[in-house]
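Novice: Got a predicted structure plus its sequence, pasted below:
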Amino acid sequence: MTQTNNNMTVNPDLAMERAKCNFNVLEVTHIFDGGERNTLQRKKIEDVALNSGASKDALGEEHMSPKEKYENAVRKSCIYATMMKNELAELSGLESFGVSSPVIRRTADAFFKEVSPFLLHLGMFVPTIMGQCTPEQQSYWLPRALDMQIIGTYAQTELGHGTFIRGLETTATYDPETEEFVLHSPTLSSYKWWAGGLGKTVNYCIVVAQLYTKGECHGTHPFIVQIRDEDTHVPLPGIKVGEIGPKMGFNTADNGFLGFDHYRIPREHMLMKNAQVLKDGTYVKVARHGKLTYGTMVFVRVVLVNEVAFNLAKASTIAVRYSAIRRQSKPKPDEVEPQILDYVTQQHKLFIAIATAHALQLCSTWLWESFSAVLAQMKGGNTDTLPEFHALSSCLKAISTSDSAHLIEQCRHACGGHGYMISSGIPNLYNFVSATRTYEGDYTVLLLQTARFLVKAYEQAEAKKPLTPTVSYLAHAFSGSRATWDNSPDGIIRSFQALAAGKTAVCVTNMRKRMRAGLSQVDAWEMSTIQLVAAAEAHCRAVIADTYRKEIVRLTANSSPNVKVVMDQLTTLYLYYWALERTGDLLMFTSVSQKDLVDLQIAYEELLLKIRPNAVGLVDAFDLRDELLHSTLGSYDGRVYERLMEEALKSPMNKEPVSDAYSKYLRPMMKGKL
Ligand SMILES: CC/C=C\C/C=C\C/C=C\C/C=C\C/C=C\CCCC(=O)SCCNC(=O)CCNC(=O)[C@H](O)C(C)(C)COP(=O)(O)OP(=O)(O)OC[C@H]1O[C@@H](n2cnc3c(N)ncnc32)[C@H](O)[C@@H]1OP(=O)(O)O
Ligand SMILES: Cc1cc2nc3c(=O)[nH]c(=O)nc-3n(C[C@H](O)[C@H](O)[C@H](O)COP(=O)(O)OP(=O)(O)OC[C@H]3O[C@@H](n4cnc5c(N)ncnc54)[C@H](O)[C@@H]3O)c2cc1C
């Protein structure tokens with residue numbers, strides 16, 4: 001047991017599940033924390049952040065008005081930020097994602113059922129200062145930002161453009177007379193829209209604007225802009241700022257709009273690591289790669305893979321624990337109603353969610369390590385690995401967010417009606433994760449970025465030129481025969497690669513055909529984009545499958561036998577699941593036969609039964625404290641019905657025996673007096 005409370009009464013079905021789990025749960029927790037030391041440190045952080053009860057609300061957030069919800073979120077953000085500066089600061093020296101260490105992130109989720117209005121401050125404002133400022137600029141801004149003397153956000157998207165950054169309309173025109181930039185919003189569509197915390201919370205923001213100097217436009221560049229008075233918080237003259245209104249989720253994030261009326265900022269407020277404007281207005285390009293100003297987005301895409309893995313782990317914990325205590329139907333008249341976890345269809349819905357959370361968690365660590373290597377090379381002036389990394393982070397961001405949103409919704413389905421309750425915790429998880437598919441680069445748009453890279457790599461393979469590691473499999477795309485099917489894990493991974501190579505080849509062939517028929521290159525590309533997205537998706541699935549498998553083999557090399565077995569079962573399940581989801585593609589691009597696929601389906605079903613006894617152990621191994629789950633259905637003790645009733649009784653609607661609506665409307669209508 002990873003979570004103990006001596007006085008806790010645990011639902012007998014959950015207790016039984018834990019008793020029959022045949023592997024050491026703590027060992028698996030250590031694997032995903034990156035070692036026992038990290039687990040201990042994480043727990044220390046969680047104890048400090050959560051044991052005081054500061055994360056709790058007197059009244060459930062869901063019963064508050066939008067204004068109360070926002071103010072409550074600010075209240076808790078301030079408590080949390082103070083903790084981060086004090087108690088948590090010393091403890092957070094883990095192998096981490098810098099300021100957005102996943103461990104720190106994890107405890108923050110206990111404070112916020114939706115999100116903190118400070119999310120963008122820590123998630124994008126601070127990282128942009130770190131990544132886009134000169135050392136002198138950094139030494140001025142970073143201490144103030146880290147100390148929360150100023151609070152900022154990242155305002156790039158406008159009403160008219162989000163995806164197409166080059167189409168942004170906000171202008172920053174340099175005035176050499178005063179050595180200032182003049183920020184201006186020339187149209188309604190140029191108003192900044194969406195930035196988190198902008199509506200009411202922040203007093204600074206990073207603004208991405210088209211830079212003009214000496215009458216020439218040099219494209220989009222980042223600027224640091226004060227928008228509210230540091231003392232009174234009143235918006236400064238020339239600034240029009242506000243909140244954008246209710247959304248599907250993120251309702252405590254005060255996403256905002258922002259317009260400028262010839263608003264002046266000092267020249268030094270342009271972030272000048274990658275490009276500079278000298279006092280006389282001369283533009284100097286510093287960076288060797290034109291897209292380095294997109295660096296914060298790349299950073300957040302990497303962080304998001306971890307973020308969605310964590311949220312999927314939460315949803316699967318809730319749904320598996322609930323499925324262990326929920327009994328329904330009577331397939332065998334003489335026996336008691338089974339736990340719904342015993343239904344194979346339920347296992348099919350849930351075990352892929354657990355395996356995907358593992359796969360994405362391990363891919364996120366691997367992606368982070370690759371990112372660190374790319375950053376280290378760029379420090380030395382070498383940007384050669386950036387295109388491959390951009391292609392990789394784009395597709396992993398797209399697929400991880402999309403798969404997680406889909407599987408969280410599947411976890412909700414698995415919880416039947418109770419999964420629809422806000423108190424189950426799943427709707428908030430879904431609302432949060434479904435937004436990640438759109439922000440920081442829309443799903444389709446990012447997969448098309450990966451497809452650009454794949455097509456170029458394919459052409460290099462065709463010309464027998466060397467290939468970068470993640471696409472080296474393309475070299476085998478020209479053998480002329482279909483890949484040989486083999487149902488071993490490595491065989492399935494090779495088949496996924498064959499599928500990605502085959503789809504890329506089809507795209508290239510079709511584009512060439514279309515161009516021969518007279519289409520321009522741009523139109524031929526456009527007509528092929530459905531298939532290009534599919535090729536990029538296939539490539540990404542091959543990368544995830546390969547990384548997941550390799551990492552599990554590496555990380556369990558010294559594990560106990562039963563941990564090895566259950567981890568191997570889950571990776572195999574992941575591979576079988578995706579092979580069975582893509583039978584049509586496998587028939588097109590590999591030698592797989594109908595019989596092979598029928599056998600694979602049977603092997604998959606047998607695997608579900610093998611994993612079944614360990615299902616609760618597997619989600620316990622995520623080691624998610626009840627405070628993080630916010631769930632009536634998923635708490636460690638399994639007291640589901642008691643918690644559902646306790647929550648229902650908290651509803652303000654139950655405060656009065658008869659609603660005012662009775663005397664105002666119902667009674668007059670029923671008595672015919674309306
Ligand atoms: C209390 C709280 C505690 C803790 C919190 C801490 C952390 C929290 C953790 C995480 C969460 C953080 C924040 C989350 C919350 C909300 C965040 C939401 C924020 C946003 O959404 S910000 C806005 C993001 N916007 C986008 O992502 C826009 C997407 N569009 C693009 O990226 C680009 O425009 C494009 C890629 C679609 C196209 O760009 P382009 O038109 O300029 O380029 P081309 O298509 O012409 O391509 C030219 C060439 O350049 C290559 N390229 C493009 N981009 C990059 C890149 N980034 N790097 C490298 N190369 C790039 C492209 O591939 C082409 O190459 P080629 O060789 O010519 O093919
Ligand atoms: C909750 C949330 C928080 C956000 N926070 C911030 C923030 O803090 N700061 C910030 O700057 N922004 C923020 N954003 C904005 C976000 O980054 C953009 O919404 C996102 O990048 C998508 O851009 P868009 O809205 O312009 O979509 P669009 O590009 O208009 O997409 C609409 C549709 O068009 C398709 N499409 C667009 N271009 C192409 C193409 N070239 N080829 C094929 N299909 C295409 C898309 O696939 C999609 O189906 C946030 C958004 C959300 C939802």
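Specialist: Sure thing, it's come through. Ligands and ions are numbered 1, 2, ... in the order given.

Novice: residues in the stretch 1-150 of the chain within reach of ligand 2, list them.
Specialist: Selection of the stretch 1-150 of the chain residues close to ligand 2 by C-beta under 6 Å from any ligand atom yields L120. Just so you know, the C-beta spots here come from the backbone N, C-alpha and C atoms, and that holds for glycine as well.

Novice: so where's the stretch 1-150 of the chain uncertain?
Specialist: Counting by pLDDT under 70, the stretch 1-150 of the chain shows low-confidence ranges at 1-7, 91-101.

Novice: Could I get the full set of helices for it?
Specialist: All helices of the stretch 1-150 of the chain, identified by DSSP state H, counting those that start in this stretch, fall at 12-20, 25-33, 36-50, 66-85, 87-91, 102-111, 119-120, 126-132, 135-146.

Novice: winner for burial among those helices?
Specialist: helix 119-120 (a mean of 26; mean count of other C-beta atoms under 10 Å).

Novice: Please work out which residues outside that helix touch it.
Specialist: G152, T153, Y154, A195, G196, G197, L198, V202, A253 (C-beta atoms under 8 Å, 6 or more residues apart in numbering).

Novice: Adding distance to ligand 2, write those residues out as CSV.
Specialist: Listed next are these as CSV, based on distance: C-beta to the nearest ligand atom, whole Å:
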residue, distance to ligand 2
G152, 11
T153, 6
Y154, 5
A195, 4
G196, 4
G197, 8
L198, 7
V202, 10
A253, 7
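
Novice: Tabulate those (CSV), appending neighbour count and pLDDT.
Specialist: Formatted as CSV, the contacts of helix 119-120 follow (neighbours: other C-beta atoms under 10 Å; pLDDT from 0 to 100):
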residue, neighbour count, pLDDT
G152, 30, 98
T153, 34, 98
Y154, 28, 98
A195, 28, 98
G196, 27, 98
G197, 30, 98
L198, 28, 98
V202, 29, 98
A253, 28, 96
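
Novice: show me the residues around K76 that make contact.
Specialist: So K76 contacts A54, S55, F111, F112, S116 (C-beta under 8 Å, 6+ apart).

Novice: ok, now N22?
Specialist: N562, V566, P613, N614, G617.

Novice: May I ask which two of those residues are separated the most?
Specialist: N562 and P613 (11.1 Å; C-beta to C-beta).

Novice: mind checking the end-to-end distance for stretch 317-336?
Specialist: Stretch 317-336 has an end-to-end distance of 25 Å (C-alpha to C-alpha, to the nearest Å).

Novice: all strands for the chain, in order.
Specialist: Under the criterion DSSP state E, the chain contains strands at 152-155, 171-175, 180-184, 192-193, 204-213, 216-226, 239-243, 256-260, 263-266, 275-277, 283-285.

Novice: what's around the residue of the chain found nearest ligand 1, how many residues?
Specialist: Closest residue of the chain to ligand 1, C-beta to the nearest ligand atom: G123 (2.7 Å). Neighbours of G123 under the rule other C-beta atoms under 10 Å: 25.

Novice: Over to S663?
Specialist: Neighbour tally, S663, other C-beta under 10 Å: 10.

Novice: Would you mind giving the domain segments of this structure?
Specialist: Annotated domains of the chain cover 121-287, 443-620 [automatic domain parsing].

Novice: Distance check, A457 against A391.
Specialist: A457 sits 9 Å away from A391, going by C-beta to C-beta, to the nearest Å.

Novice: circling back to that earlier point, minimum distance to T632: which of the helices of the stretch 1-150 of the chain has it?
Specialist: Closest approach to T632 among those (C-beta to C-beta): helix 12-20, 14.2 Å.

Novice: In stretch 467-477, which residues are buried?
Specialist: L467, T468, T470, V471, Y473, L474, A475, A477 (16 or more other C-beta atoms under 10 Å).

Novice: And the third one, how far from ligand 2?
Specialist: Relative to ligand 2, T470 is positioned 23 Å away (C-beta to the nearest ligand atom, to the nearest Å).

Novice: I'd like the buried residues of stretch 467-477 as a markdown table, with pLDDT and distance to ligand 1 appended.
Specialist: Listed next are these as a markdown table, based on pLDDT from 0 to 100; distance: C-beta to the nearest ligand atom, whole Å:
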| residue | pLDDT | distance to ligand 1 |
| --- | --- | --- |
| L467 | 95 | 15 |
| T468 | 94 | 13 |
| T470 | 95 | 15 |
| V471 | 96 | 14 |
| Y473 | 95 | 20 |
| L474 | 95 | 16 |
| A475 | 90 | 20 |
| A477 | 80 | 20 |
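
Novice: Thought I354 was touching Y574, still the case?
Specialist: No. When contacts are counted by C-beta atoms under 8 Å, Y574 is not listed as touching I354 (9.6 Å).

Novice: For the stretch 151-300 of the chain, what lies in contact range of ligand 1?
Specialist: So the stretch 151-300 of the chain meets ligand 1 at 154, 156-157, 162-166, 196, 291, 294, 297-298, 300 (C-beta under 6 Å from any ligand atom).

Novice: How about the stretch 301-450 of the chain?
Specialist: V303, E307, L386, P387, H390, Y439, E440, G441, V445, Q449.

Novice: ok, these vs ligand 2, which is closest?
Specialist: Nearest to ligand 2 among these, with distances taken as C-beta to the nearest ligand atom, is Y439, at 3.8 Å.

Novice: Can you read off the pLDDT for the residue nearest to that closest one when sequence neighbours are not counted?
Specialist: Among residues not flanking Y439 along the chain, W194 sits closest, at 7.7 Å (C-beta to C-beta, 6 or more residues apart in numbering). At W194, the pLDDT value in this model is 98.

Novice: for the one 5 residues further on, same thing?
Specialist: According to the per-residue confidence, G199 scores 98 in pLDDT.

Novice: For it, the count of nearby residues, please.
Specialist: Other residues lying near G199 total 21 when counted by other C-beta under 10 Å.

Novice: Need phi/psi at it.
Specialist: The phi/psi pair for G199 (degrees, to the nearest 10) reads phi -50, psi -50.
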